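1. My questions are about this predicted structure, shown below with the sequence.
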Amino acid sequence: MAREKKIDMVILGLLSHEDLTGYDIKKRMDGPISFFWKGSFGNIYPALKELENGGLITRSEASSGGREKITYHITASGKKALTSWLKEEQCINEMRYETLLKLFFGGAAKDKEVTVHNIEVFEEQVKGELAILKEYEKSLKDQLSIDDHVCYYLTVTFGIETYGAYLRWCAKAKKALR
C-alpha cells in the first residue's frame, strides 16, 4: 500500500483477530476503539472494497435467513501490511475537540456562562466515558496473560488517566471563568 489510510489499518487490525462483517466492524469501532478512533459505514465499506481490491482481505458470502451475509478475512498480505504499519515509527496524533474550539472562541459569546455550560457538557460526557473505561479495565485486569489483552488494557488505562486529567482541567477552567 502506497500511503494507507488509518481506517484501513483499523479494519486490518480488527480482522487480524477474527473474521467480521462490515456491520461487525462498525460495532467494534463503536466499542472500546471509539474512545480514540471513529469510523462510519460511509468510510468502512469503501475501505473494505479497496482492501479487497488490493488483496489485503478476502470476502466470503453466505445466505442467512434470506439475506446475503458477507464476511471479511485478512490475507497474508494484509497481515504483512498491518505488521509493517505497526513497526513504523512515525505516528500522527491529532487532537480535535469541538469543546476546545468553542472555548477558544468563547469570548465572542460575551457571556462566560455559555463557555461554562460547554465545559459542563464536556465534563458530563467525560464522566460517562470514564465509567465505561473503568468497566473495561475491570474485565481486562484478570486477562493480562493474553498478549492482546495487555495491549487493550494499556489503551484503557491511557484513557482513564487522560479522562481523569480532563476532569481536573474542567474543574480548574470553570473556577477560572467564574
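-> Okay, I see it. Numbers count the residues shown, from 1 in each chain.

2. check contacts around R178.
-> Applying CB atoms under 8 Å, 6 or more residues apart in numbering to R178 gives the contacts K112, V116. C-beta coordinates here come from the backbone N, C-alpha and C atoms, glycine included.

3. For it, give its distance to V114.
-> To V114, R178 is 13 Å away according to CB to CB, to the nearest Å.

4. do the same with A176
-> In this view, A176 and V114 are 15 Å apart by CB to CB.

5. between those two, which one's more packed in?
-> Shown here are A176 and V114; by other CB atoms under 10 Å, V114 has more neighbours (13 against 9).

6. pLDDT wise, what is that one at?
-> Listed pLDDT for V114 reads 96.

7. Pull up the gap between the closest residue in space to it that isn't next to it in sequence and H117, please.
-> Of all residues not flanking V114 in the chain, G106 sits nearest, at 6.7 Å (CB to CB, 6 or more residues apart in numbering). From G106 across to H117, the span is 10 Å (CB to CB).

8. more crowded one of those two?
-> G106 (17 against 14).

9. Can you pull the phi and psi angles for that one?
-> Dihedral pair for G106: phi -60, psi -30, per degrees, to the nearest 10.

10. all strands of this protein, in order?
-> 57-64, 67-74 (DSSP state E).

11. between the last one and strand 57-64, how many degrees?
-> Spelled out, it's strand 67-74. Relative orientation of strand 67-74 versus strand 57-64 (axes from the mean of the first three to the mean of the last three CA atoms, to 10 degrees): 160 degrees.

12. List of residues touching strand 67-74?
-> For strand 67-74, contacts defined as CB under 8 Å, 6+ apart pick out 11-12, 15-16, 19-22, 25, 48, 51-52, 56-63, 82.

13. for the first one, same thing?
-> Outside of strand 57-64, the residues within contact range by CB under 8 Å, 6+ apart are 11-12, 15, 19, 48, 51-52, 68-75, 78.
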